[in-house]
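Participant: Take a look and give me a structure for this.
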Amino acid sequence: MTPYQSPSPGDSRPLAEELLLLCAEPTRGLLRIPGTTFPTAITGAVLAELQLRGAITVEGRRITGFHPLGDHDELAARVLAELERAGKNQHRATLDHVLRRVPHRTDPQYYLDRLTGQGVLTVRTHRFLGLPYRRWTAVPPDAGALIAERVAATLARTAVSGPTSPAEERDHQLAGLIGAVRLEYRIYRGTAGTPTRRAVRRLSRSLPVAHAVKQAVARRTAAASG
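Facilitator: Below is the predicted model:
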C-alpha cells in the first residue's frame with residue numbers, strides 16, 4: 001500500500017471542507033452547522049479521506065492498517081495518532097473507537113479557519129447578550145449548492161454501475177456522510193430530490209465509515225436528549 005499523500009492542487013477539496021460548505025444556505029451562503037453532532041461528522045470525513053488516499057484500510061467496522069501521515073493536516077494527524085495508540089490493543093482499532101475518542105477534542109474550527117484563509121469563507125463576529133460569536137458565509141453563496149449538484153449527478157450516473165473512478169468513489173463517500181448527519185433533507189428537497197435522498201440514505205447504511213458516523217451521531221443525539 002502506498003503512503004498517504006496530500007491532495008494535489010487539482011484534486012477536490014477535502015471531504016471535511018466540502019461537508020462544511022454543504023451547510024451553506026444556497027441564496028445567502030450563510031453556514032448553518034449542526035453544532036452537537038458535527039464534530040463527529042468531521043472526524044468521519046477525515047477517516048473517509050484517509051481511506052480514499054490509502055492511509056488506512058477498513059474492513060467492516062475494523063481499521064486493519066494505517067500509515068504515518070505525510071502532510072500537515074492537523075485533524076488527520078490526530079486521527080492517525082489515536083490509531084497508533086489504539087493499535088497496541090486490537091479491540092480498540094475500530095471506527096467506533098476513533099469516533100468516540102477524537103470528536104470531543106476537535107471541532108470544525110480547523111477547516112473553517114483554513115477555508116477563511118483561502119477566501120472561500122468570510123467571517124464576521126457578532127454579539128448576543130454580550131457574548132461574541134462568529135458567522136461564516138460562503139463565497140460565492142452557492143458554493144455548497146454546486147457541490148450538492150455534483151454529488152447528485154454522480155449518484156444518478158452510477159446508480160446501476162456503482163463508482164468506477166476515484167472521483168465517483170469520493171462523491172459516494174461524501175454522500176454517505178451527508179446521510180449520516182441527515183443533511184439530505186436540507187440539501188435535496190421536494191419530489192425532485194427524492195431519488196438522491198434515497199441514494200444518500202442507502203450509502204449512509206452501506207459504507208463502513210458513513211454507517212459508523214450515523215450510529216455515533218444517533219448515540220450522541222440520544223444522550224443529549226436523555
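Participant: check contacts around Tyr133.
Facilitator: For Tyr133, the contacting residues are 125-127, by Cβ atoms under 8 Å, 6 or more residues apart in numbering. All C-beta atoms are positioned from the backbone trio N, CA, C, and that covers glycine.
Participant: Do a quick rundown of the helices in this structure.
Facilitator: Secondary structure of the chain by DSSP state H: the helices cover 15-21, 38-52, 74-86, 95-101, 109-117, 143-157, 166-180, 184-187, 194-206, 208-225.
Participant: Nearest approach to Leu131 belongs to which of those?
Facilitator: Smallest distance to Leu131 across those (Cβ to Cβ): 17.0 Å, for helix 109-117.
Participant: That closest one vs helix 74-86, what angle?
Facilitator: Helix 109-117 runs at 160 degrees relative to helix 74-86, counting by axes from the mean of the first three to the mean of the last three Cα atoms, to 10 degrees.
Participant: Which elements pack onto helix 109-117?
Facilitator: Here helix 109-117 touches helix 15-21, helix 74-86, strand 121-128, strand 131-138, going by 3 or more Cβ pairs under 8 Å, 6 or more residues apart in numbering; DSSP states H and E.
Participant: Give me the packing partners of the first one, helices and strands only.
Facilitator: Translated: helix 15-21. Applying 3+ Cβ pairs under 8 Å, 6+ apart, one finds that helix 15-21 contacts helix 38-52, helix 109-117, helix 143-157, helix 166-180.
Participant: CA atoms only: put that helix into CSV for me.
Facilitator: Extracted in CSV, the C-alpha atoms of helix 15-21 (Å, rounded to 0.1, in the frame of the first residue of the first chain):
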residue,chain,number,x,y,z
LEU,A,15,-14.3,15.9,2.3
ALA,A,16,-14.5,17.7,5.7
GLU,A,17,-14.3,21.1,3.8
GLU,A,18,-16.9,20.1,1.3
LEU,A,19,-19.2,18.8,4.1
LEU,A,20,-18.9,22.2,5.8
LEU,A,21,-19.7,24.1,2.5
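Participant: one step back: and which of the contacts of Tyr133 is nearest Arg189?
Facilitator: Nearest to Arg189 among the contacts of Tyr133, counting by Cβ to Cβ, is His126 at 27.9 Å.
Participant: Next, count neighbours for the closest one.
Facilitator: Neighbours of His126 under the rule other Cβ atoms under 10 Å: 9.
Participant: List the beta-bridge partners for it.
Facilitator: Here His126 shows beta-bridge partners Tyr133, assigned using DSSP bridges.
Participant: how far away is the closest residue to Glu17 other than its chain neighbours from Ile42?
Facilitator: Of all residues not flanking Glu17 in the chain, Tyr111 sits nearest, at 5.1 Å (Cβ to Cβ, 6 or more residues apart in numbering). For Tyr111, the distance to Ile42 equals 7 Å [Cβ to Cβ, to the nearest Å].
Participant: What are the phi and psi values at Ala55?
Facilitator: Here is the backbone geometry of Ala55 (degrees, to the nearest 10): phi -80, psi -30.
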